[in-house]
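Asks: predicted structure and sequence below. I'll ask about it afterward.
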Amino acid sequence: MKRIRTAILVVAAVTTASCATSPTGRDQLTLFSPAAMQDMGAAAFNDIKAETPAAGAFLNRYVECVANPIVGVLPGRGSQGWEVRVFDRDEPNAFALPGGKIGVYKGLLDVTETQDQLAAVIGHEIGHVLARHGNERMSGQFMVQTGMAAAAALTRSRESPERRRLMAVLGLGAQVGVLLPYSRSHETEADRMGLELMARAGFDPRASVDLWRNMARTAGRQPVEFLSTHPGHETRIRALQSGMAAAMDLYRQARAEGRAPACDG
Ligand SMILES: [Zn+2]
């Protein structure tokens, strides 16, 4: 009975199907309603919180100090109700989920040397959410007949393959050991959006280049979300640098308007 109800919910979600355009102008297929994506994001976040110890209030406050100004420049209601949790895990990893959930592994804070570098990661992850990459990936899965099972995973046991697949399409592959990286176009789009978001929040966008260099040096072969598709570090850095002049304009404007986050030291 529960599975039938889930199937009805999924069909209801899919009837709102639409062909959308991403924030950077890419055509995308997004079959699931924003409400359905928010529910799935919140459920996945609860699962992770239940399984993974928190790193504590001190680190959480630091990451909130960086995340809040970025969330604050999101358009409309996008800035409301975001939740940040730092997890006690050593891998340098982070993620953001529909429904306003941001997760950071404390190992990331060993790689990010400054608030601005951390802002580059958080901006990138929020970029994935704003550009509906999770929805797009779930829609792709749905089109190959596994979307139903993926959505049904919400009502099934923790360890089911369907649940692992759902987590993976939401961008949490590294958390559950399923290798399903974002595509290169998603990574590039998240980089572009992250650069703009961090600059508008008053973080120095040039730190994004330092961050990716650090990541390339220290992350090695771990299943880290933002390195998973290897757009090629130099390619990635060139793309960031090509958007840097515009980002610096936004950054200077933000500083002139008093947006100057001070989270370090
Ligand atoms: Zn990414």
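Replies: Ah, there it is. Computed from a prediction, not measured in an experiment: that's the story for all the values here. Residues are numbered from 1 along each chain as shown.
Asks: any idea where the helices of the stretch 101-250 of the chain begin and end?
Replies: In the stretch 101-250 of the chain, the helices defined using DSSP state H, counting those that start in this stretch lie at 108-111, 115-130, 133-143, 147-152, 161-167, 173-176, 184-200, 207-218, 233-242, 244-256.
Asks: pLDDT averaged over the last one - what is it?
Replies: Helix 244-256 shows a mean pLDDT of 98 in the predicted model.
Asks: what do you get for the second one?
Replies: The predicted model assigns helix 115-130 a mean pLDDT of 96.
Asks: can you spell out which helices and strands pack onto it?
Replies: Applying 3 or more C-beta pairs under 8 Å, 6 or more residues apart in numbering; DSSP states H and E, one finds that helix 115-130 contacts helix 57-72, strand 94-97, strand 101-105, helix 108-111, helix 184-200, helix 207-218. For glycine as for every other residue, the C-beta is placed from the backbone atoms N, C-alpha and C.
Asks: buried deepest among the helices of the stretch 101-250 of the chain, which one?
Replies: helix 115-130 (a mean of 26; mean count of other C-beta atoms under 10 Å).
Asks: where does pLDDT dip in the stretch 151-265 of the chain?
Replies: Where the stretch 151-265 of the chain drops to pLDDT under 70, the residues are 151-163, 173-181, 219-224, 226-231.
Asks: which residues touch stretch 200-217?
Replies: Contacts to stretch 200-217, defined as C-beta atoms under 8 Å, 6 or more residues apart in numbering, come from residues 66, 69-70, 72-73, 92, 111-117, 119-121, 123, 191, 194-195, 198-199, 224, 226-227, 233, 236-237, 240-241, 244, 247-248, 250-251, 254-255, 259-261.
Asks: let's have the helices and strands packed on helix 115-130 in CSV, adding distance to the ion.
Replies: CSV is the format used below for the helices and strands packed on helix 115-130 (distance: least, C-beta to the ion, whole Å):
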stretch, distance to the ion
helix 57-72, 15
strand 94-97, 9
strand 101-105, 13
helix 108-111, 13
helix 184-200, 5
helix 207-218, 11
